[in-house]
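Q: coords please:
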Amino acid sequence: MPDFDNLFIGGRWVAPVDGGAFEVRSPHDGSLVGRAAQASPADVDRAVAAAREAFDNGPWPNLAPEARQEVVRRFNALHAARAEETARLITAENGTPAWFTQSLQASLAEQTDAYLRAAEAYPWEEKVESPGGSVSLVRREPAGVVAAVIPWNAPHQSALVKMIPALLAGCTVVLKASPETALDGLLLGEVFAEAGFPEGVVSILPAGRESSEYLVSHPGVDKIAFTGSTAAGRRIASIAGEQLKRVSLELGGKSASIVLDDADLSAVAQAAPLLAFSNNGESCVGHTRLLVPRSRYEEFVAAVAEAAGRVTVGDPADPATFVGPLVTAVQKERVQSYIQSGIDEGARLVVGGLGAPEGLEQGNYVRPTVFADADNSMRIAREEIFGPVLVIIPFEDDEDAVRIANDSPYGLGGGVWTADRERGLAVARRIRTGTFMVNGARGGFDAPFGGYKNSGIGREFGPAGLGHYVELKSIAL
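A: Sure, this is the predicted structure:
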C-alpha cells in the first residue's frame, strides 16, 4: 500500500505544514489504496516561492533550449519505465479499467516526444525583416511560474500535457493534483526527482478546492493551465481576468458522432460504445450523442443497443472489464440523476437504466445506459454527464445533422461516419469543434487539441501547446 507522508516542493520531499493527509479508497470496494500528504495554502506559499526563486534567479529559464530538452528526454525515459506500475495505481485510485490506463500510460512517451519535436523545431529566436528595411529580433521567452491544475480521470496525461511544454519553454511549475488521485501525483514527483531538474523547478501538491483557488490566485503565479469542468473553468478564468494572468482551459464536452445514411452499420455499432463509454464515460472527449438518420434509425438503434449490451462491467483491475466503477459515490449519484432525468423527459431506455449491475452494488457502479428517441433539448443531450450514458438522436438529412451537432454549448470533439470520405470531410468542416474524426480516425500528438465555446480556451499538443508557455519579445536592431 503506497504511503506518501511528504509533499514534493521544489524538488525536495517535505512534510506538509499542518500534517494533513488524504486517504485514497478504491471506488470498486472501498478498501484503502494508500495515504498521501495534503497541501494547505501554507504549502502552496512554499511551492510558489520555490518556483519564483528558480524562475527569477535559477538556471532553468536561461539554459539553451537543447539543454532543457535533454533533461525532459531523461524524464520521459524514466516515466515510460514505470508505465505499468503507474497504470495499476491509477486503476486502483479512480476505477478506470486496466485496459484503458495501460494504453494511456503507454502513449504518454509519444505525447512527450511530440512536444520534444516541437521544441526542436521551434523558432525560439529569429530575425524578422520588414520591406522598409527595419529588422527585429523576435524572441520566445518563458512565461514564468505556471500553476497546473488537473482532474482525476486521466491524471498523468493531464499533468504532462501541461508540465512538459512549460518546462521545455523554461517555466517553473507547481502541479495541483486531485485528492482522488493523490498517490499517482506524488509518484510522479519521484520521477521528476530522479530526472534531475534544478531545485525549485517542479512542485507537486495534492490538494482540495480551497488550496486550488489559493494557488491560481497567488500573486507569484504568472500562468494558469487547467483541465476540468466548465464551471470550475469559468471561476479560474474570472480570477485570471482580474489579475491579467495568462490562462489556458481544457474543459467539458458533449460531442456528437454523426452517422450519415451510407455509413457501415457494423462499424458504427462497434465504435459507438467505445467512444461513449471509454474511461467509464468519465471523459471530456467522449462521443455521448449519436446522431442517426431517421431513414435508418431503428436498425442503428438496435445494432448499437446490442453492442452496448455486451459491455463488461466489473472490477477495474480485471483485464476483461470494459467499464469499471465511477470515481466517487457523489459522481455515481450524479449519473443516476441524469438517467432518471432522461426517463422523466420521455427518452426511450434501450440499454441499462437505474441501479447498479447485479453483484456490484457495493462499489460506485452504474449500468452503461443508452437512450433512444431523444431530443437535443433534453438535459441528457445538452449537459455533460461524465458517466457511461449514450443518447441517440434522429435527424432528417446532412443539413439537419450539422444543425443538431452544432446546437450545443460545447465544442470539443465529434466525428462522422460515411462511405464517402469527401462527404464526411465536408461535414467535418462545418462542425464547430476543436477536434473531429472521420470514420474513427485518431489524431496524433503533433496536432492541436482543445475546444470551441464552453469547451475551453487555447490548445494543447505540438507547437500550438508549446506556444501557451512563452511570451513574445521584439527587439528592434
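Q: could you point out the helix or strand that follows the lowest-mean-pLDDT helix or strand in the chain?
A: Lowest mean confidence among the helices and strands of the chain (mean pLDDT, DSSP states H and E): strand 3-4, at a mean of 93. Heading C-terminal from strand 3-4, the first helix or strand you meet, by DSSP states H and E, is strand 7-9.
Q: what sits up against that next one?
A: Residues outside strand 7-9 that contact it (CB atoms under 8 Å, 6 or more residues apart in numbering): 13-16, 37, 39, 43, 46-47, 50, 186, 189, 192-193, 202-206. Where you see a C-beta, it was placed from the backbone N, CA and C, and this is true even at glycine.
Q: next: stretch 69-79.
A: With CB under 8 Å, 6+ apart, stretch 69-79 has contacts from 86, 108-109, 112-113, 115-116, 119-120, 156, 160, 164, 167-168, 188, 191-192, 194-197.
Q: nearest residue to the middle of the chain?
A: For the chain, residue 158 is the residue whose C-alpha lies nearest the centre (CA atoms, centre = their mean; 5.0 Å).
Q: domain ranges for this protein?
A: 3-251+455-476, 256-445 (automatic domain parsing).
Q: what's the least confident helix or strand of the chain packed up against?
A: Judged by 3 or more CB pairs under 8 Å, 6 or more residues apart in numbering; DSSP states H and E, strand 3-4 is in contact with strand 32-37, helix 182-195.
Q: any chance of those in a markdown table, with distance to residue 366 and mean neighbour count too?
A: Putting the helices and strands packed on strand 3-4 into a markdown table (distance: least, CB to CB, whole Å; neighbours: other CB atoms under 10 Å) gives the following:
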| stretch | distance to residue 366 | mean neighbour count |
| --- | --- | --- |
| strand 32-37 | 21 | 20 |
| helix 182-195 | 24 | 23 |
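Q: could you dump the ones you listed into a markdown table with distance to residue 241 and mean pLDDT added?
A: Below are these laid out as a markdown table (distance: least, CB to CB, whole Å; pLDDT from 0 to 100):
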| stretch | distance to residue 241 | mean pLDDT |
| --- | --- | --- |
| strand 32-37 | 32 | 98 |
| helix 182-195 | 28 | 98 |
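Q: among these, which is nearest residue 285?
A: Residue 285 sits nearest to helix 182-195 of all the helices and strands packed on strand 3-4, at 20.5 Å, using CB to CB.
Q: distance from that closest one to the middle of the chain?
A: For helix 182-195, the separation from the chain centroid amounts to 19 Å (computed by CA atoms, centre = their mean, to the nearest Å).
Q: just after that helix, pick out the following helix or strand.
A: Next in sequence after helix 182-195, counting helices and strands by DSSP H and E, comes strand 202-206.
Q: touching stretch 24-38 from outside, list them.
A: Here stretch 24-38 has contacts from 1-7, 15-16, 20-23, 89, 92-95, 179-183, 185-186, 206-208, 315-317, 324-328, 362-364, using CB under 8 Å, 6+ apart.
Q: my guess is residue 13 meets residue 6, correct?
A: Yes: Residue 13 is in contact with residue 6 according to CB atoms under 8 Å; the separation is 4.1 Å.
Q: before we move on, back to that, which of the helices and strands packed on strand 3-4 sits closest to residue 469?
A: Among the helices and strands packed on strand 3-4, the nearest to residue 469 by CB to CB is helix 182-195 (17.0 Å).
Q: convert the C-alpha atoms of that closest one to CSV, please.
A: Extracted C-alpha coordinates of helix 182-195, given in CSV (Å, rounded to 0.1, in the frame of the first residue of the first chain):
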residue,chain,number,x,y,z
ALA,A,182,-3.1,12.0,-5.0
LEU,A,183,-0.9,8.9,-4.9
ASP,A,184,0.0,8.8,-8.5
GLY,A,185,0.6,12.5,-8.4
LEU,A,186,3.3,12.1,-5.8
LEU,A,187,4.6,9.0,-7.6
LEU,A,188,5.2,11.4,-10.5
GLY,A,189,7.3,13.5,-8.1
GLU,A,190,9.6,10.6,-7.7
VAL,A,191,10.2,10.5,-11.4
PHE,A,192,10.9,14.2,-11.6
ALA,A,193,13.3,13.9,-8.7
GLU,A,194,15.2,11.2,-10.4
ALA,A,195,15.3,13.1,-13.7
